[in-house]
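Peer 1: Let me see the structure of the following:
(one chain, ligands or ions: 2)
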Amino acid sequence: MSQNKKALVTGITGQDGAWLSKLLIDKGYEVYGASRRNSNRNMYGLKYLGIEDKVKIVDFDLLDYSNIHDVITSIQPDEIYNLAAQSFVAASFKQPISTSMIDGIGVAYILDIVKTFLPKTKIYQASTSELYGKVQETPQTEKTPLYPRSPYGVAKQYAHWMMINYRESYDIFATCGILFNHESELRGKEFVTRKITDHVAKYSLGNKAELRIGNLDSSRDWGYAKDYVEGMYMMMQHETPDTFVLATGETHSIRDFTNYSFNAINVEVRWEGKGVEEKGYDSKTGELLVVVDPSYFRPAEVDILTGDASKAKKVLGWEPKTKLDQLVKIMVEHDIKLNS
Ligand code: NAP
Ligand code: F7E
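Peer 2: Residues are numbered from 1 along each chain as shown. Ligands and ions are numbered 1, 2, ... in the order given. Coordinates of the predicted model:
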């Protein structure tokens with residue numbers, strides 16, 4: 001009987017870590033979930049997907065070379081999915097150095113350990129549409145020049161190029177997924193989509209506070225995380241390591257996302273005013289629903305992103321399955337249940 005493949009998933013307590021582990025377990029993998037020591041480890045995602053007892057948790061910190069070395073060499077995984085990161089762009093402006101260490105140097109540690117001790121182990125790196133930042137062309141493809149706009153984006157660019165460099169220099173299976181924003185009911189509440197769906201859910205349950213939000217004009221290409229982890233897996237099964245964009249090709253503003261979310265509870269938003277004075281009202285009752293709060297503005301903004309995933313479709317057969325209105329509905333309904 002052939003042995004199950006072993007996967008090491010870093011960032012297991014995050015959104016993608018949970019979705020990817022569920023997929024790998026369903027495919028018969030032995031999954032090791034790498035997670036830094038925490039006084040209150042967040043197991044919600046793994047519990048929600050019913051796999052809490054099926055993942056072997058190992059202590060792992062991307063800041064600690066010897067720890068990464070011991071984890072990788074003792075498990076000897078067939079595949080490493082490096083999803084761990086300081087992933088919140090806004091926080092990266094406040095913690096630029098630790099973000100650079102975790103999201104940049106941490107990846108160099110993994111690459112060098114694999115190169116030296118386990119050169120047959122495949123590595124997936126969570127690259128990001130934040131690499132495009134101040135976009136140089138639209139839509140963005142694997143060939144679009146990079147122009148990151150945050151310490152997060154810059155650190156991810158270093159990691160991205162280290163992956164390509166190790167792939168080309170040492171024949172390591174180092175694959176990068178340039179994923180555009182993907183959301184789900186497991187998204188952290190600091191990110192704008194989940195902040196909005198959580199707020200709308202609470203509003204529908206009687207908490208009538210206003211939603212305080214930042215840049216309403218910023219626009220993103222949002223997909224469903226459950227669809228995107230399938231793409232990660234497909235990239236790792238492809239015969240050669242490569243770089244792939246995963247995206248929907250559709251772009252919507254934060255204002256659109258807010259509209260969709262209130263629509264999911266049958267509330268229509270009427271917008272009035274401009275810039276920091278813009279406000280959203282319930283079109284039926286006139287009640288104030290949304291105000292702009294400049295404290296959420298970023299020192300440098302990524303205004304608009306639109307991805308072109310045609311390479312992933314052609315080479316891997318990957319396509320997103322979930323439209324934005326369906327995604328919003330999933331998230332709002334989940335948050336209503338969670339808050340009830
Ligand atoms: P997430 O929910 O924020 O999860 C990040 C994970 O990284 C958490 O498990 C966190 O652990 C862990 N982590 C943070 N610092 C660490 C460290 N020093 N050592 C070890 N683990 C550490 O992120 P996500 O949305 O699932 O995204 C997964 C990956 O894809 C990230 O690398 C992100 O940058 C990238 N990405 C995300 C998107 C997106 O739209 N979601 C798009 C493109 C790329 P704790 O629980 O201990 O904090
Ligand atoms: O912001 C604007 C904000 O924090 C989206 C990460 O997963 O995706 C994510 O990064 C936009 C920005 O995600 C608020 O200014 C307005 O323009 O949800 P976000 P992000 O920065 O796009 C990429 C692909 C990653 O790789 C990252 O890891 O929304 N915005 N008002 C707001 N953002 C937040 N968080 N909160 C607000 O109140």
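Peer 1: Get me the contact residues on the stretch 151-300 of the chain for ligand 2.
Peer 2: Neighbours of ligand 2 within the stretch 151-300 of the chain, by C-beta under 6 Å from any ligand atom: 181, 190-193, 195, 213-215, 218, 220, 254, 296, 298. Glycine gets a C-beta too; all of them are placed from N, C-alpha and C.
Peer 1: Just the buried subset of the residues you listed, please.
Peer 2: Applying 16 or more other C-beta atoms under 10 Å to these, the neighbour count classes 181, 191-193, 195, 213-215, 218, 220, 254 as buried.
Peer 1: Of all pairs in those residues, which one is the farthest apart?
Peer 2: Largest separation among those by C-beta to C-beta: N181 and I213, giving 16.1 Å.
Peer 1: Let me know the helix or strand that V71 is in.
Peer 2: helix 65-75 (DSSP states H and E).
Peer 1: which helices and strands does that helix pack with?
Peer 2: Counting by 3 or more C-beta pairs under 8 Å, 6 or more residues apart in numbering; DSSP states H and E, the packing neighbours recorded for helix 65-75 are strand 6-10, strand 30-35, strand 56-59, helix 106-117.
Peer 1: would you list the residues of the stretch 151-300 of the chain next to ligand 2 in JSON lines and tack on distance to R270?
Peer 2: Formatted as JSON lines, these follow (distance: C-beta to C-beta, whole Å):
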{"residue": "N181", "distance to R270": "27"}
{"residue": "E190", "distance to R270": "28"}
{"residue": "F191", "distance to R270": "26"}
{"residue": "V192", "distance to R270": "21"}
{"residue": "T193", "distance to R270": "22"}
{"residue": "K195", "distance to R270": "21"}
{"residue": "I213", "distance to R270": "16"}
{"residue": "G214", "distance to R270": "20"}
{"residue": "N215", "distance to R270": "20"}
{"residue": "S218", "distance to R270": "21"}
{"residue": "R220", "distance to R270": "23"}
{"residue": "I254", "distance to R270": "17"}
{"residue": "Y296", "distance to R270": "22"}
{"residue": "R298", "distance to R270": "27"}
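Peer 1: Show me the residues you listed that map onto strands.
Peer 2: In strands, defined here by DSSP state E, the members of those are 213, 220.
Peer 1: Any figure for the gap between the closest residue to ligand 1 within the stretch 1-150 of the chain and V229?
Peer 2: Nearest residue of the stretch 1-150 of the chain to ligand 1 (C-beta to the nearest ligand atom) works out as G14 at 2.0 Å. G14 sits 11 Å away from V229, taking C-beta to C-beta, to the nearest Å as the criterion.
Peer 1: More neighbours: which of these two?
Peer 2: Per other C-beta atoms under 10 Å, whichever of G14 and V229 has more neighbours is V229, with 28 against 23.
Peer 1: picking up where we left off before, now render the helices and strands packed on helix 65-75 as JSON lines, adding mean neighbour count.
Peer 2: Shown next, in JSON lines, are the helices and strands packed on helix 65-75 (neighbours: other C-beta atoms under 10 Å):
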{"stretch": "strand 6-10", "mean neighbour count": "25"}
{"stretch": "strand 30-35", "mean neighbour count": "24"}
{"stretch": "strand 56-59", "mean neighbour count": "15"}
{"stretch": "helix 106-117", "mean neighbour count": "20"}
